[in-house]
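Trainee: Kindly generate the corresponding structure for this input.
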Amino acid sequence: MCGRFSLTASPGEVEALLGVVDIEAFPPRYNIAPTQPVLVALSTGPREPGSNRPDREAKLVRWGFLPSWVKDPKKFPLIINARSETVAEKNSFRAAVRHRRGLLPASGFYEWKREGGKSVQPYWVRPRDGGVIAFAALLETYSEPGGSEIDTGCILTAAANEEFAPIHDRMPVMIPQDQFSRWLDCVNNEPRDVADLMTAPQPGVFEAIPVSNLVNKVANTGLEIQERVEPAELVAPAGRKSKGDDGQMQLF
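Mentor: This is a model prediction of the structure:
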């Protein structure tokens, strides 16, 4: 799964990857957590002949998907991930995977290895070749009872590949850059047409670096949370963490 991630690339690097323009400047973000705003790119739809309108746009959404039919968000579980194997069948995601697929840029993500039901070791998981990548995202605009709207999103996950499985049984779906257009084209491509993209990356794409449990706390937002720390050197016992701090939230 993906309960925390990082985006430290420059706006220019993100624009170049996603094919969008005019992204507002933002500082490096080392510990992005659920409910925080996250950047996504989506298709602007078919263009009229002769139009100069961009094919894609970038926007900020809340990381925490809210289906349009939810009556009371306070009583609805926080959805930060969706299982790629079942999104086309689940009522929560059926419309989004058909009409509102997006790309979420990231420099890497964090995962916690669990033993005996406890999180025992966090890892910083980054592309071996560096740079910025894009996770598969689903988007939904939720209309609140008072009339205001909030854009929300979640990250798709898949069964982990054999290299990552010893750490966790799920990992984010990464969309290759040469498949961005096919993934974002919700007019011509139904979920079944992009099902082959909703899988785990091949082994060798990522490297997992053991880090300290500083990443467990949302307040820790500096580069030090990505520094290699072998398990015996952890700064403090993992202890009991809040639901919002450990990143291990229940998946659909």
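
Trainee: Now do the strands for the protein: every range, in order, please.
Mentor: 4-7, 29-32, 37-43, 56-63, 81-83, 101-106, 108-115, 118-127, 133-143, 149-159, 170-172, 206-210 (DSSP state E).

Trainee: what's the distance between the first one and the middle of its chain?
Mentor: Looking back up the chat, that one is strand 4-7. 8 Å (Cα atoms, centre = their mean, to the nearest Å).

Trainee: ok, back up a step: quick check: which of the strands of the chain is buried the most?
Mentor: strand 101-106 (a mean of 27; mean count of other Cβ atoms under 10 Å). Where C-beta positions appear, they are placed from N, C-alpha and C, glycine not excepted.

Trainee: so the most centrally placed residue in the chain bridges to which residues?
Mentor: With distances taken as Cα atoms, centre = their mean, Ile155 lies nearest the centre of the chain, 3.9 Å away. Assessed by DSSP bridges, Ile155 has beta-bridge partners Asn81, Ala137.

Trainee: I'd say it and Asn81 touch.
Mentor: Yes - between Ile155 and Asn81 there is a contact at 5.4 Å, judged by Cβ atoms under 8 Å.

Trainee: Give me the common contacts of these two.
Mentor: 2, 172 (Cβ atoms under 8 Å, 6 or more residues apart in numbering).

Trainee: So for stretch 170-179, what gets flagged as buried?
Mentor: 170-175 (16 or more other Cβ atoms under 10 Å).

Trainee: cool, and stretch 192-204?
Mentor: In stretch 192-204, counting by 16+ other Cβ under 10 Å, buried: 194, 197-201.

Trainee: now the longest helix belonging to the chain against strand 133-143, angle please.
Mentor: If each helix of the chain is counted by residues according to DSSP state H, the longest one is helix 11-18. Computed with axes from the mean of the first three to the mean of the last three Cα atoms, to 10 degrees, the direction of helix 11-18 lies at 90 degrees from that of strand 133-143.

Trainee: what is the mean pLDDT for stretch 27-43?
Mentor: For stretch 27-43, mean pLDDT is 98.

Trainee: Start and end of that stretch, how far apart?
Mentor: Stretch 27-43 has its terminal residues 25 Å apart, counting by Cα to Cα, to the nearest Å.

Trainee: Work out the gap between that stretch and the centre of the chain.
Mentor: Mean C-alpha position of stretch 27-43 versus that of the full chain (Cα atoms, centre = their mean) differs by 8 Å.

Trainee: thinking again about what came up before, next, the angle from the longest helix of the chain to strand 56-63.
Mentor: Orientation check (the same axes, to 10 degrees): helix 11-18 against strand 56-63 gives 110 degrees.

Trainee: Next one: the residue lying closest to Ile23 once chain neighbours are set aside from Gly153, what distance?
Mentor: Spatial nearest neighbour of Ile23, excluding adjacent residues (Cβ to Cβ, 6 or more residues apart in numbering): Pro11 at 4.5 Å. Separation of Pro11 from Gly153 (Cβ to Cβ, to the nearest Å): 19 Å.

Trainee: Look at stretch 121-135 and report the distance between its end residues.
Mentor: Stretch 121-135: ends 23 Å apart by Cα to Cα.
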